[in-house]
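K.L.:
structural data only, the sequence is not supplied:
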């Protein structure tokens, strides 16, 4: 056999090998052996594993006797007896009694293999050298070290194949292995949604972050760990199952399938100590073939044939000599020259720099240049960028001997921030690891210990921040803690706070509103089911307690919203539903299935009782009308219809019935709060927002249900805002508007009482006859039976222009344009007592008449309507509206130009059309006329009804055309004095004279007026 490479120590120094698969206790045996000697050094493959072993040894013998040396960290007491190190950082100057090198099979690794090979051949302890690794190294050990004892350690537990499983079916305590950060993150996020979270381990993580993530798994906070193949090297985890999500990796040169030995190294993480483990495929990993399964279960793999080698006997006489030494090939058949590493590529790049060539003349300077080139590229930047860093460091140590403090401060300050996402923090950690490596190089800094501590502080803060980001992204602590308690079959502590949040073990799992539990939407999959089950257990007694509190609650604790939901102390507990009658709704309890039996009955009875009282409180007069006590015949039928229409009845629907009413019938309904308006028969006191909102809900229940009626939220809200009118929505049913207390008039929706008050403004303006009726004209009066729009009219409705015109058109009025002014006839002074000759036949001259019902209606107006009308009366006049002037309209114009071109005004009048064989008559769309509505044509022609007093005939007269033409053979003002006139629609034979009631307010008003006129004459 050819001799070992020059410089290697003799095999007779007591070299021995301990070989075997994972979970054989090899590393533990090495630690115990080292501590049995006065001094010792152990080289480990990972900084993370070195830190773990350091902690174990410190726990045994104290920190003063143990040193830790890695590329980025150095803990060195005054006189350490034992040195724990990574293989790359093993101290050369130490001559210890015991030396151990762990995971020696990595000598075949393309990236780091030459370093392990160098330590394998050159490092020896004075008394014992222990080589630890896989059984695949046995043939090479025997060949390289003849006679060296080899101890085989069997695995402590069995490793078996468990088949292929979906990720959703993987058992707890599973490690899922992938080979890219993107795939690791994707799997971890899926597990978070389904199982509560996973720990994450990647090779790029700092040891502190990796340890914190491993602790999440070890402590049971999460049941899964998702990792790259970094998990297969030295991490001691309590893993029962290893699932391969992929079988291909990038080894630095190409994508390739894992070798059986690499599969075995990773799968061997399953099962610790005496606990058996299992492995299998998941995700996109193809199924394992039988041969591979057999190899993994029996731990039989092909032996290692070649070790990576690079010349370590370097020539520092010149840069060229150093490069030639690195190019040297091995002369042993079991060694192969390692691929060009990053440090060698960096050397080639800096060797072309003129300044580097100038500064690297002496062997010591070439050695310094090589040390600078060996700075690891943790940042994974481009070769040129890494070469620039090496040149900068070499420039400092070659010219100045030390790296300036301000250069170190600048680089550390650039990464001393903990904001940003996972990738940002990972990049900063890579940069600070580079700075840490520089700070730990001997002789490069004046105050090396200071910069080592600063770099370590920054690395720790970044590591903690990265751990927090990883945990925040991939772990749902609430679900993971709860599932752990459920597995332990522990009694869960649950509480419900004042806000209705349900907390189980201090974790928010959902909210309780009324008698319905809503799980937290952040949980999904199995975690959601577990959370819901735990919450239901916690809520078992809460429903009973709440049912009792609802049953004992006062009426003020309940509120009915515009959506039909009854809320108890702000929480929804029921929704109203249609009952046997429109005024007798019932309740539908909003509760989960846990509310049953006596508790459900208590809640149902209490809410039904409250709802009945609520309806009686707001709509009680309707219940009285519906019962019709004290009413008879047609009157009782009309009262029932008013109740059925929820207090607002279209007068046209009962015109014939109202026509037949006696004075006593009307009085009986008035005592029940009913008002007879021009367009509606309604109850003014029920036009307030609260009764109308309830009426809207009751109407919706009878017409498709609350979920199928549009406007249920908007219209009551507009009514409550005090709006007297607003734009109509064609998609909303007119009946719903009426139930809310409004009427659709063209493109506007007008409140019922406002519409009646508008009729009261229009009526006197229409019936006034300039030149015939004595006294000042009412606002808006015009020639004939027309009127012009006034500010009071538009202010009352809160709209003007086209919107107001659409209201008038819908009421049966038509507009005409003519020259102004509105009144052209000379006006008769109010104090005049001259007899007034009747106008020729065919002309109308009715006068306005005050009635008891008018006074009653004004007194009964809802407070909110009167308030709004008063508030808006000062608004600007509506577009096209004109207020009648006080001066006689017949005065001469101010200028000839004005007389030549009189102003054009818009005059509104009831619509008419001609019938064959008759004079003008009311168009079918003309304004309704109070008690004349529905009157038969022959009766209309024969004059007003004679079964009631004259005053009564005008009580309910609505706005509209007041009457037909008077008879030409009978002066209109012979009866009742200057203000007397026949009833509306008079066009028949002469009426029978009837003496007025001397006790009526009208008789007293006439007497007072006569007395005033007499005093005026005197």
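P.N.:
Good, I have the coordinates. All figures in this text were calculated on a predicted structure; none of them were measured in a lab. Residues are numbered from 1 along each chain as shown.
K.L.:
which residue ranges form the helices in the stretch 51-200 of the chain?
P.N.:
Counting by DSSP state H, counting those that start in this stretch, the stretch 51-200 of the chain has these helices, from start to end: 113-122, 138-144, 181-195.
K.L.:
quick check: buried residues in the last one?
P.N.:
By that I understand helix 181-195. 181, 183-185, 187-188, 190-195 (16 or more other Cβ atoms under 10 Å). In short, each C-beta sits where N, CA and C put it, glycine included.
K.L.:
what average pLDDT does it get?
P.N.:
Taken as a whole, helix 181-195 has a mean pLDDT of 89.
K.L.:
just checking, what packs against it?
P.N.:
Helix 181-195 is packed against strand 199-201, strand 224-227, helix 448-474, helix 477-487, helix 525-538, with contacts defined by 3 or more Cβ pairs under 8 Å, 6 or more residues apart in numbering; DSSP states H and E.
K.L.:
next secondary structure element downstream of the last one?
P.N.:
In the C-terminal direction, the helix or strand that comes right after helix 525-538 (DSSP states H and E) is helix 542-552.
K.L.:
hmm, who's touching that next one?
P.N.:
Applying Cβ atoms under 8 Å, 6 or more residues apart in numbering, the external contacts of helix 542-552 come out as 496, 512, 514-515, 568, 573, 591-592, 594-595, 599-600, 602-603, 605-607.
K.L.:
can you mark which positions in that helix are buried?
P.N.:
Quick answer for helix 542-552 (16+ other Cβ under 10 Å): 542-544, 546-547, 550-551.
K.L.:
same deal with stretch 621-634?
P.N.:
For stretch 621-634, the neighbour count (16+ other Cβ under 10 Å) marks 621-622, 624-626, 628, 631, 634 as buried.
K.L.:
of those, closest to residue 431?
P.N.:
Minimum distance to residue 431 across the buried residues of stretch 621-634 is 79.4 Å, recorded for residue 622 (Cβ to Cβ).
K.L.:
tell me the mean pLDDT over stretch 541-549?
P.N.:
88.
K.L.:
distance between it and the chain's centre?
P.N.:
30 Å (Cα atoms, centre = their mean, to the nearest Å).
K.L.:
what would the buried residues of helix 181-195 look like in CSV with distance to residue 826?
P.N.:
Below are the buried residues of helix 181-195 laid out as CSV (distance: Cβ to Cβ, whole Å):
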residue, distance to residue 826
181, 100
183, 101
184, 101
185, 96
187, 99
188, 97
190, 94
191, 97
192, 93
193, 90
194, 94
195, 97
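K.L.:
let me have the helices of the stretch 51-200 of the chain in CSV, extended by distance to residue 158.
P.N.:
CSV is the format used below for these (distance: least, Cβ to Cβ, whole Å):
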stretch, distance to residue 158
helix 113-122, 30
helix 138-144, 22
helix 181-195, 26
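K.L.:
okay, and for the stretch 701-850 of the chain, where does confidence drop off?
P.N.:
Low-confidence regions of the stretch 701-850 of the chain, defined by pLDDT under 70, span residues 830-850.
K.L.:
before we move on, back to that, what about the contacts of helix 542-552, which are in strands?
P.N.:
496, 512, 568, 573 (DSSP state E).
K.L.:
residue closest to the middle of this protein?
P.N.:
Most central in the chain under Cα atoms, centre = their mean is residue 521, positioned 10.8 Å from the mean C-alpha point.
K.L.:
quick check: it is in a strand.
P.N.:
No: using DSSP: H, G, I helix; E, B strand; the rest coil, the secondary structure at residue 521 is coil, not a strand.
K.L.:
nearest to residue 722, of the buried residues of helix 542-552?
P.N.:
Nearest to residue 722 among those, counting by Cβ to Cβ, is residue 550 at 34.1 Å.
K.L.:
leaving out chain neighbours, which residue sits closest to that closest one?
P.N.:
Nearest non-adjacent residue to residue 550, counting by Cβ to Cβ, 6 or more residues apart in numbering: residue 603, 5.2 Å away.
K.L.:
quick check: buried residues in whichever helix in the chain runs longest?
P.N.:
What stands out as the longest helix in the chain, according to DSSP state H, is helix 597-627. Across helix 597-627, burial judged by 16+ other Cβ under 10 Å covers 599-600, 602-604, 606-608, 610-612, 614-615, 618-619, 621-622, 624-626.
K.L.:
which element follows it toward the C-terminus?
P.N.:
Later in the chain than helix 597-627, the nearest helix or strand by DSSP H and E is helix 633-644.
K.L.:
got a list of contacts for that following helix?
P.N.:
So helix 633-644 is in contact with 582-583, 622-623, 625-626, 628, 631, 649, 653-654, 657-658, 660-661, 665, 668-669, 672, 674, 681-683, going by Cβ under 8 Å, 6+ apart.
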